[in-house]
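# This is a predicted model, with the sequence first.
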Amino acid sequence: MLSVLSSWYGSVIVRRLEKKVVAELRQRAARHGVSMEEEHCRILREALSHRGRGTRHSFKDHLASMPDVGNEALFERLPALMRRFRF
């Protein structure tokens, strides 16, 4: 049985984390009632799973979600400042 389990699980060692990150991980693990190792595993699983990807948006989606804040003339480029280019 041990040989089967060893093919399923791997180990990751993370070094040189900022003290603030370690403290936040410790607090988060305590809130969830698990060890820091388990909390770290949960964070990695969520970040790398398809569930985590469902909440990500493309840059285009991000731009489209920005509110209309006023006059677009503020962003027009003046002809004197435009660069010439060739296709």
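Received, thanks.

# ok now stretch 24-40, how far from the chain's centre?
19 Å (C-alpha atoms, centre = their mean, to the nearest Å).

# give me the element Cys41 is part of.
According to DSSP states H and E, Cys41 maps onto helix 36-48.

# Buried residues of that helix, list them for me.
Residues of helix 36-48 classed as buried by neighbour count (16 or more other C-beta atoms under 10 Å): Glu39, His40. Just so you know, the C-beta spots here come from the backbone N, C-alpha and C atoms, and that holds for glycine as well.

# Keeping just the C-alphas, turn that helix into PDB.
Provided in PDB are the C-alpha atoms of helix 36-48 (Å, rounded to 0.1, in the frame of the first residue of the first chain):
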ATOM      1  CA  MET A  36      -0.400  25.000   8.200                       C
ATOM      2  CA  GLU A  37       0.600  22.200   5.900                       C
ATOM      3  CA  GLU A  38      -3.000  21.300   5.200                       C
ATOM      4  CA  GLU A  39      -3.900  24.900   4.600                       C
ATOM      5  CA  HIS A  40      -1.000  25.300   2.200                       C
ATOM      6  CA  CYS A  41      -2.200  22.200   0.300                       C
ATOM      7  CA  ARG A  42      -5.700  23.600   0.200                       C
ATOM      8  CA  ILE A  43      -4.500  26.900  -1.200                       C
ATOM      9  CA  LEU A  44      -2.400  25.200  -3.900                       C
ATOM     10  CA  ARG A  45      -5.300  22.900  -4.800                       C
ATOM     11  CA  GLU A  46      -7.700  25.800  -5.200                       C
ATOM     12  CA  ALA A  47      -5.200  27.900  -7.200                       C
ATOM     13  CA  LEU A  48      -4.400  25.100  -9.600                       C
END
